[in-house]
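Asks: Sequence unavailable; structure follows:
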């Protein structure tokens, strides 16, 4: 796969603050879903803001889609990267859902017919056709996050960044949002970078980057992360129920694989047996 994001010896610090990152290097391949975790204050959100030019590094280089990020290319980079904030209200600027979806495309001077075609397509994909003429403030939290996502999808970004984008949603809305994201990713193949503490969201990803002390402390799979109790504790994370129970049973001497979800757990604990007549 081609590399879509590359950090090469990146250094960053806030004015009058301690250095946040020093010589930070990693890359993300096109189409991957990567979650970023770490202790509070470790720079997770800072890292995502560096990816689309909201912040500029003091040293090293950042490349997005093969383009080196600098003052001359930052607008091009932002055309490749969609940023979904924790609070969707921070992204709304128009009086209706449809106008909000159109705003970014208007700034890119897209033809009116193409704008309408994209709005129609994305609204069907996300099931928001009936909300197009509603004011965003009239929607529920889960609906608002879907509309905020729609405003990014119509711009057809190559990279989607979520900064705790599901943390304000209730359990049902979070699950619905994750279902839509999985479906969209399967159809569109974009790259996802998410900052999260949600175990289900981590489990859905391909890869986890652990940021700690200004460095990349670990680069591993979700299952490898969940199996490292000390690292989970440092990041204040808990594994999904099925993983947590699997690990506890193994500690108690029961031989079994670590189960990813409840269905695997049930099959492991209650293997199928022939039914006797």
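Replies: Okay, I see it. This structure is a prediction, so every number in the text was calculated from the model and none was measured.

Asks: Can you give the domain ranges for this protein?
Replies: Domains of the chain are assigned by automatic domain parsing as 3-230, 240-277.

Asks: Could you export those domains as TSV, including mean neighbour count and mean pLDDT?
Replies: All C-beta spots, glycine's among them, are computed from the backbone N, C-alpha and C. Formatted as TSV, the domains of the chain follow (neighbours: other CB atoms under 10 Å; pLDDT from 0 to 100):
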stretch	mean neighbour count	mean pLDDT
domain 3-230	17	89
domain 240-277	13	77
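
Asks: can you pull out the helices in the chain?
Replies: Taking DSSP state H as the criterion, the chain carries its helices at 44-51, 74-80, 97-107, 112-126, 141-153, 171-188, 199-204, 222-226, 229-234, 241-251, 262-269.

Asks: Now render those as JSON lines, adding distance to residue 28.
Replies: Compiled in JSON lines, the helices of the chain are given as follows (distance: least, CB to CB, whole Å):
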{"stretch": "helix 44-51", "distance to residue 28": "9"}
{"stretch": "helix 74-80", "distance to residue 28": "13"}
{"stretch": "helix 97-107", "distance to residue 28": "23"}
{"stretch": "helix 112-126", "distance to residue 28": "24"}
{"stretch": "helix 141-153", "distance to residue 28": "18"}
{"stretch": "helix 171-188", "distance to residue 28": "14"}
{"stretch": "helix 199-204", "distance to residue 28": "16"}
{"stretch": "helix 222-226", "distance to residue 28": "15"}
{"stretch": "helix 229-234", "distance to residue 28": "20"}
{"stretch": "helix 241-251", "distance to residue 28": "24"}
{"stretch": "helix 262-269", "distance to residue 28": "28"}
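
Asks: nearest to residue 134, of the ones you listed?
Replies: Across the helices of the chain, residue 134 has its closest neighbour in helix 97-107 (5.8 Å, CB to CB).

Asks: residues in contact with that closest one?
Replies: Contacts to helix 97-107, defined as CB atoms under 8 Å, 6 or more residues apart in numbering, come from residues 92-94, 114-115, 118-119, 122-123, 128, 131-136, 139, 147, 150-152, 154-155.

Asks: Compute the inter-axis angle for that helix and helix 141-153.
Replies: Inter-element angle recorded for helix 97-107 and helix 141-153: 20 degrees (by axes from the mean of the first three to the mean of the last three CA atoms, to 10 degrees).
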